[in-house]
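J.: My questions are about this predicted structure, shown below with the sequence.
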Amino acid sequence: MASKQTVHMNQGQGEISYARNSSYQNAEQNRMKPLIEEAIIDLCSNTNTLLHGKMVIADLGCSSGPNALALVSTAVMAIHCRCLHLQQPPLEVCVLLNDLPDNDFSTVVKSLVTLRQSNEPVVMTGIIPGSFYERLFTSGSLNLVCSSCSLHWLSKVPEVLIRDHIPAYDIDEQARRERLPMVHEAYAHQFKTDFTHFLKLRAKELAPSGRMIVSVIGRPSDGSTFEFFHIWEVIAQTLSIMVSEGVIDKEKFDSFYVPMYGPSSEEMRAIIQEEGSFSIREMQHFGDVMDEFARIGKQYWSLEGNLENMLAKDTMVAVSLTKA
Ligand SMILES: C[S@@+](CC[C@H](N)C(=O)[O-])C[C@H]1O[C@@H](n2cnc3c(N)ncnc32)[C@H](O)[C@@H]1O
């Protein structure tokens, strides 16, 4: 089950669309802005960039709605301010937005027009549909890559779980506890494979000294045991009640896997260091973004206490990288 076949956010502008239900991701993006501004200052201090007079930036997993342009708009604004500060002629900027082909790109395209309206810097825009677990750009063509709240989506569900008929969330609590280490190991392994591959691909596509800033929903590095991905635990618990009420077939429930894994910052650091294409500039944990998520979750699902307790264990991990 490859995520490119199964994942996309709700389209359009309706009540349940991603555009109207992504405020916690937006809070996360706001926290990434200083990292992006720092990267732009760094890139603008590179004589090569100034010499070529242009910068190419990409957002991977942009989705649709206001968040799709948030990070690239920050970058464009930062480039503009930096050129003024350095009294340099404005750079030409190319903004490329990526997501899976089923993403609501028609809404994104309409909003891209607003970016092009500014004359300084001159902004060219483009859409790159495809999986970020594949090559998306020509070699050495990018200066800055951003990605928020997307890389915890795996390329596929760990095959070993499907092959051995191991449910990701066993309804029987004891069986679930016993299998948890195995389920965790399978998901962690898939994340490592995918993230390593992602780093290799982006290292090919970034120009020398290129920068990359990514954030994922992760979990705290306090040594607490893996307890499935907490948001999906909420969903799995709801579905398991539906199984006990006979609304959903148990066999169907047992084959319900979500291609998602929340790493700790230590796991991400170890993978980045082992892969070796990037050096880490900065790594941050944003714990309380989940407060906003819990507030919205409660509003929609009317769940008390339980949801907040579960989500308190999730956190955001953001990392700012330089191509080595
Ligand atoms: C939670 S949304 C985040 C969107 C936006 N970056 C934000 O911060 O609000 C995750 C996005 O990642 C996209 N995505 C998941 N797997 C992907 C992949 N393999 N390649 C490209 N995009 C992917 C999804 O389609 C979705 O739009």
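T.: Okay, I see it. On a predicted model such as this, the values are computed, not experimentally measured, just so you know. Numbers count the residues shown, from 1 in each chain.
J.: Flag the helix or strand of this protein with the lowest per-element mean pLDDT.
T.: helix 3-6 (a mean of 49; mean pLDDT, DSSP states H and E).
J.: Tell me where the model's unsure across the stretch 201-324 of the chain.
T.: Applying pLDDT under 70 to the stretch 201-324 of the chain flags residues 222-231, 287-314.
J.: Please repeat the previous calculation with a cut-off of 50.
T.: Applying pLDDT under 50 to the stretch 201-324 of the chain flags the ranges 288-290, 293, 304.
J.: How about the stretch 1-150 of the chain?
T.: 1-5.
J.: Mind pulling up the pLDDT for whichever residue of the stretch 151-300 of the chain sits closest to the ligand?
T.: Nearest to the ligand in the stretch 151-300 of the chain, going by C-beta to the nearest ligand atom, is Trp153, at a distance of 3.7 Å. Placement of C-beta: from N, CA and C, glycine included. For Trp153, the model assigns a pLDDT of 94.
J.: Mind listing residues that contact the helix or strand encompassing Ala75?
T.: Per DSSP states H and E, Ala75 falls inside helix 67-86. By C-beta atoms under 8 Å, 6 or more residues apart in numbering, the surrounding residues in contact with helix 67-86 are 18, 22, 25-26, 29-30, 32-33, 36-37, 39-41, 44, 50, 55, 57, 59, 62, 88-91, 93, 95, 97, 107-108, 111-112, 114-115, 118, 120-121, 123, 144, 146, 148.
J.: isn't the residue of the stretch 151-300 of the chain closest to the ligand right up against Pro259?
T.: Yes - assessed by C-beta atoms under 8 Å, Trp153 is found in contact with Pro259 at 6.2 Å.
J.: by how many degrees do the helix or strand following the least confident helix or strand of the chain and helix 67-86 diverge?
T.: Going down the chain from helix 3-6, the next helix or strand is helix 23-44, by DSSP H and E. Counting by axes from the mean of the first three to the mean of the last three C-alpha atoms, to 10 degrees, helix 23-44 lies at 30 degrees to helix 67-86.
J.: Pull helix 23-44 out as CSV, backbone CA atoms only.
T.: Output of helix 23-44 as CSV, limited to C-alpha atoms (Å, rounded to 0.1, in the frame of the first residue of the first chain):
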residue,chain,number,x,y,z
SER,A,23,-4.6,25.6,11.8
TYR,A,24,-2.4,23.5,13.9
GLN,A,25,-0.1,22.8,10.9
ASN,A,26,-0.2,26.6,10.4
ALA,A,27,1.0,27.2,13.9
GLU,A,28,3.8,24.8,13.2
GLN,A,29,4.7,26.6,10.0
ASN,A,30,4.9,29.9,11.9
ARG,A,31,7.5,28.4,14.1
MET,A,32,9.5,27.4,11.1
LYS,A,33,9.7,30.9,9.8
PRO,A,34,12.8,32.0,11.7
LEU,A,35,14.6,28.9,10.4
ILE,A,36,13.7,29.9,6.8
GLU,A,37,14.7,33.5,7.3
GLU,A,38,18.1,32.3,8.7
ALA,A,39,18.5,30.0,5.7
ILE,A,40,17.8,32.9,3.3
ILE,A,41,20.3,35.2,5.0
ASP,A,42,22.8,32.4,4.7
LEU,A,43,22.1,31.7,1.1
CYS,A,44,22.2,35.4,0.2
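J.: Which secondary structure elements does it sit against?
T.: Secondary-structure packing of helix 23-44 (3 or more C-beta pairs under 8 Å, 6 or more residues apart in numbering; DSSP states H and E): helix 67-86, strand 142-148, strand 206-218, strand 278-286, helix 289-301, strand 315-323.
J.: could you point out which element follows that helix?
T.: Later in the chain than helix 23-44, the nearest helix or strand by DSSP H and E is helix 47-52.
J.: quick one: buried residues of stretch 33-40?
T.: For stretch 33-40, burial by neighbour count (16 or more other C-beta atoms under 10 Å) applies to 33, 35-40.
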